[in-house]
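Participant: Below are the sequence and a predicted model for it; my questions follow.
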Protein chains: 2
Amino acid sequence: MSQPGRRRGPSKGDRREQAILATARELLARKPLAEITIDELAAGAEISRSSFYFYFDSKLAVVVALLHGLTGELMAGSGPWLDGTGPDEDALRRSLTGLAELWRSHGRLLAGALAAAPGCPPIAAWRAGLRDAHVSRLAARIERDRAAGLAPGGPEPAVLAGMIDDLRTATFAGPGEISDRLVGDLVTVELRMLYGDRPEPGDLPKQRSDG
Amino acid sequence: MSQPGRRRGPSKGDRREQAILATARELLARKPLAEITIDELAAGAEISRSSFYFYFDSKLAVVVALLHGLTGELMAGSGPWLDGTGPDEDALRRSLTGLAELWRSHGRLLAGALAAAPGCPPIAAWRAGLRDAHVSRLAARIERDRAAGLAPGGPEPAVLAGMIDDLRTATFAGPGEISDRLVGDLVTVELRMLYGDRPEPGDLPKQRSDG
DNA sequence: CGACTTTCTCGACATACTGTCGAGAAGCCA
DNA sequence: TGGCTTCTCGACAGTATGTCGAGAAAGTCG
């Protein structure tokens, strides 16, 4: 569509295209997206810089291609949690563990994409689509749980779901290791956001009557 | 320090410097940081592009200056909440309302700074300092509340505090209005993160002590 | 094979923005 | 007037992006 020139067919050019993508993945393992230039991408694929433009419109177009390759993986593993009901801690943990794994391997790509999104409509659209998909399924789950009396009321389901998605992204995109411990903490916190309601004031253990 | 050339003294040059900062504020009200060039900044202050460099080392140096002017405001208003104890909803709401106001007026600056931080040590340092200040105070508060039996256990206080800070930032930096409703939702969610535990712990024997 | 089309390549070029340098103007004070 | 600091800007160099058109390579069909 947006790539002019290329036609269908497995050919030499296809290998070049793959080489560019492979080079991008390779470089992203070593340094942030912003520090990668088209020269490097072209050099890695053993073509000239101008030839690069035959395959991709820009550096960001390469990112979009890599991102689309990740979409499936980003969705995977969360089904049991998103389609379930109630505070199913194990399902949530499994979902988050898979997501954490993905961030561990592709953190630079995802972080770079997130940073570039505001100025790059295709990336913004990809991100929005992914977020919406997650938010709408999670919001539906919240509604179900609330209707069943399993979860307390609160923010609009879609808003709460959005906050959870944002928290995940911020946590995984942050600096520092993505430890199993951190994933466990995220499980705890998300469950509180969804199910935890403050006990009634009278139920609070009153150590002090200060208020 | 990092600005060579300028010396102390209120002078014509100082007015230029202010004009550059004013122009930056003005432009940021209209478009994102990434779309602002040094040419525009210089033109707004009625000097040539080269003259700009007499006052600031780069566009990001201007951002840093604007940011430092905001530091106080970013801290202000959260004292009662951070230094208090227990689920003081009103104090939290007041703190968040102030923060929301700031994001409403300076959203582009803050969002731009956040996006530029990974590649700009001074901005990263500013952000880290601000975050640490908030996190350490909030973590201390969490410890106090836990010790007093007012809050349930969970993640390390500093981790939980970090998540709360991240959630705020993500929520305010996101697209869309920062409505009072949204602020209210954030109050609800933060309180749950801190104080909300699932009401009936024994009701859900999902977790085995299997190890 | 040879003519023809599609796929692919690259050098040359145009553009945008950043940052440096040094000559010198402008402002200030004695 | 001279002498100092502050300030200004044109000219230059560097780095990156993206375009264009000539033409080489590869595939196809007579």
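Facilitator: Sure thing, it's come through.

Participant: okay, CA-based contacts and neighbour counts for the rest of this
Facilitator: Noted.

Participant: The closest residue to residue A:81 other than its chain neighbours is in what secondary structure piece?
Facilitator: The shortest distance from residue A:81 to any non-neighbouring residue, by C-alpha to C-alpha, 6 or more residues apart in numbering or on different chains, is to residue A:91 (4.9 Å). Secondary structure from DSSP states H and E places residue A:91 in helix A:89-116.

Participant: Just give me the neighbour total for the residue lying closest to residue A:194 once chain neighbours are set aside.
Facilitator: Excluding its sequence neighbours, the residue lying closest to residue A:194 (C-alpha to C-alpha, 6+ apart) is residue A:151, at 6.7 Å. Look at residue A:151: counted by other C-alpha atoms under 10 Å in any protein chain shown, it has 22 neighbours.

Participant: isn't there a strand covering residue A:151?
Facilitator: No. Under DSSP: H, G, I helix; E, B strand; the rest coil, residue A:151 falls outside any strand and is assigned coil.

Participant: lowest-pLDDT helix or strand in chain A?
Facilitator: Least confident element among the helices and strands of chain A, by mean pLDDT, DSSP states H and E: helix A:12-30 (a mean of 94).

Participant: Alpha carbons of that one, in PDB - could you do that?
Facilitator: Extracted as PDB, the C-alpha positions of helix A:12-30 are listed here (Å, rounded to 0.1, in the frame of the first residue of the first chain):
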ATOM      1  CA  LYS A  12      15.900 -11.100  -4.000                       C
ATOM      2  CA  GLY A  13      14.200  -7.900  -3.000                       C
ATOM      3  CA  ASP A  14      12.300  -9.800  -0.400                       C
ATOM      4  CA  ARG A  15      15.500 -10.900   1.200                       C
ATOM      5  CA  ARG A  16      16.800  -7.400   1.200                       C
ATOM      6  CA  GLU A  17      13.600  -6.300   2.900                       C
ATOM      7  CA  GLN A  18      14.100  -9.000   5.500                       C
ATOM      8  CA  ALA A  19      17.700  -8.000   5.900                       C
ATOM      9  CA  ILE A  20      16.700  -4.400   6.700                       C
ATOM     10  CA  LEU A  21      14.200  -5.700   9.300                       C
ATOM     11  CA  ALA A  22      16.800  -8.000  10.800                       C
ATOM     12  CA  THR A  23      19.300  -5.200  11.000                       C
ATOM     13  CA  ALA A  24      16.800  -3.000  12.700                       C
ATOM     14  CA  ARG A  25      16.100  -5.700  15.300                       C
ATOM     15  CA  GLU A  26      19.800  -6.200  15.800                       C
ATOM     16  CA  LEU A  27      20.500  -2.500  16.300                       C
ATOM     17  CA  LEU A  28      17.600  -2.100  18.600                       C
ATOM     18  CA  ALA A  29      19.100  -4.700  20.800                       C
ATOM     19  CA  ARG A  30      22.100  -2.500  21.200                       C
END
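
Participant: just checking, what packs against the helix holding residue A:91?
Facilitator: Of the remaining helices and strands, those touching helix A:89-116 by 3 or more C-alpha pairs under 8 Å, 6 or more residues apart in numbering or on different chains; DSSP states H and E are helix A:12-30, helix A:59-75, helix A:79-83, helix A:121-147, helix A:157-173, helix A:180-195.

Participant: Out of the ones you listed, flag the one nearest residue B:171.
Facilitator: helix A:157-173 (6.9 Å; C-alpha to C-alpha).

Participant: and the angle for that closest one with helix A:89-116?
Facilitator: Relative orientation of helix A:157-173 with respect to helix A:89-116: 70 degrees, computed using axes from the mean of the first three to the mean of the last three C-alpha atoms, to 10 degrees.

Participant: Find the closest residue to DNA strand C in chain A.
Facilitator: At 2.9 Å from DNA strand C, residue A:13 is the closest residue in chain A, using C-alpha to the nearest atom of the strand.

Participant: Using the record's assignment, carve chain A into domains.
Facilitator: Following automatic domain parsing, one finds the domains of chain A at A:12-56, A:60-197.

Participant: Nearest to residue B:44, out of the ones you listed?
Facilitator: With C-alpha to C-alpha as the measure, domain A:60-197 is the member of those nearest residue B:44 (23.6 Å).

Participant: From the opening residue of that closest one to its closing one, how far?
Facilitator: 43 Å (C-alpha to C-alpha, to the nearest Å).

Participant: That one near DNA strand D at all?
Facilitator: No. Domain A:60-197 stays clear of DNA strand D (C-alpha under 7 Å from any atom of the strand), getting no nearer than 7.6 Å.

Participant: Can that domain be said to contact DNA strand C?
Facilitator: No. Residues of domain A:60-197 are not located near DNA strand C by C-alpha under 7 Å from any atom of the strand, the shortest gap being 13.8 Å.

Participant: what's around the residue nearest to residue A:74 when sequence neighbours are not counted, how many residues?
Facilitator: Nearest residue to residue A:74, sequence neighbours excluded (C-alpha to C-alpha, 6+ apart): residue A:99, at 6.6 Å. Applying other C-alpha under 10 Å, we find 21 residues neighbouring residue A:99.

Participant: ok, back up a step: from residue A:54, how far off is the residue of chain A closest to DNA strand C?
Facilitator: Distance from residue A:13 to residue A:54, counting by C-alpha to C-alpha: 10 Å.

Participant: swap in residue A:60?
Facilitator: Distance, residue A:60 to residue A:54, by C-alpha to C-alpha: 14 Å.

Participant: Counting neighbours around each, name which of those two comes out higher.
Facilitator: Taking other C-alpha under 10 Å, residue A:60 and residue A:54 do not tie; residue A:60 has more neighbours (19 against 15).
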